[in-house]
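Chemist: what follows is a predicted structure for the sequence shown.
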Amino acid sequence: MTLSPRIALIHATRVAIEPVETAAASLWPEAETISILEEGLSVDRSKASDLSKELSDRIKALSQYAQAAHADGILFTCSAFGTAIAQANAQTGIPVMNPNEAMFDAALSQGERIAMIYTFQPAATGMEEEFRETAAARGSAAQITSYFCEGALDAKRSGDNDRHNQLIARTAAEIEGADVILLAQFSMAGAAEAVRSAVAIPVLTSPESAIREIRRRIEAK
């Protein structure tokens, strides 16, 4: 391990970088973070109906690169590569986390009716499967319902953060019968305050939950 713990943050889109770097600086300022951006992953994933072997191999290669860069732990920030990240974790000698698992654990403590808002369409199916696996492993009967917020990611990419946040808050306000709302993508974390102002139930984001958990795993090693 380096003098300061080093976390490799691996991104498939640049809009995920700032939220998780902010969370890391706040929750684990002693750690050193390095960001690795491979935007081709999100571009190619958006064109594929399934997570291909070629994309999975690229995820594994990024994990190996981060380990060669002396990372003590790896956190992927894109929600559309869950199974590939799990495979990388099994083959890497350091903790490798997908972006959702810590948030899912936190959601299960809030109730059994889970609502998830997402802005990147290819992410939904994989995240729902991961949630069901997490719930089953915890002995929970919780169910997840997903809501796509159209136009929010385009607004974020164009730099219109206010519109991004407003669209997500509007989607949240229309949700009924949920115990908790999850904001699926790391890039959505900036909308949390607007969403919390629009609803009366807990709202969870990925970056803070993930940083707390990667810290726990690295320190445990």
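Modeler: The structure has been received and is ready for your questions.
Chemist: for Val180, phi and psi?
Modeler: Val180 adopts backbone torsions of phi -160, psi 150, taken as degrees, to the nearest 10.
Chemist: OK, contacts around it?
Modeler: Contacts were defined as C-beta atoms under 8 Å, 6 or more residues apart in numbering; by that measure Val180 touches 107, 110-111, 113-115, 201-204. In short, each C-beta sits where N, CA and C put it, glycine included.
Chemist: and those residues, which is closest to Gly177?
Modeler: Comparing those against Gly177 with C-beta to C-beta places Arg113 closest, at 6.0 Å.
Chemist: next, the contact list for the closest one, please.
Modeler: Arg113 neighbours (C-beta under 8 Å, 6+ apart): 142-143, 145, 177-180.
Chemist: kindly recompute the last result at 6 Å.
Modeler: Applying C-beta atoms under 6 Å, 6 or more residues apart in numbering to Arg113 gives the contacts 177-179.
Chemist: sorry, back to before: looking at the contacts of Val180, which are in helices?
Modeler: Counting by DSSP state H, the contacts of Val180 place Ala107 in helices.
Chemist: pLDDT and distance to Gln121 added to the contacts of Val180, as TSV?
Modeler: Output for the contacts of Val180, formatted as TSV (pLDDT from 0 to 100; distance: C-beta to C-beta, whole Å):
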residue	pLDDT	distance to Gln121
Ala107	95	21
Gln110	95	25
Gly111	94	26
Arg113	97	23
Ile114	98	19
Ala115	98	17
Ile201	97	24
Pro202	96	25
Val203	96	21
Leu204	95	21
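Chemist: neighbour-wise, which of the contacts of Val180 leads?
Modeler: With neighbours taken as other C-beta atoms under 10 Å, the top of the contacts of Val180 is Ala107, carrying 27 neighbours.
Chemist: that one contacts Ile114, doesn't it?
Modeler: Yes: counting by C-beta atoms under 6 Å, Ala107 touches Ile114, with 5.3 Å between them.
Chemist: compare the contacts of Arg113 and tell me which is most surrounded.
Modeler: Ala178 (21 neighbours).
Chemist: separation between it and Lys221?
Modeler: Note on Ala178: its distance to Lys221, by C-beta to C-beta, to the nearest Å, is 36 Å.
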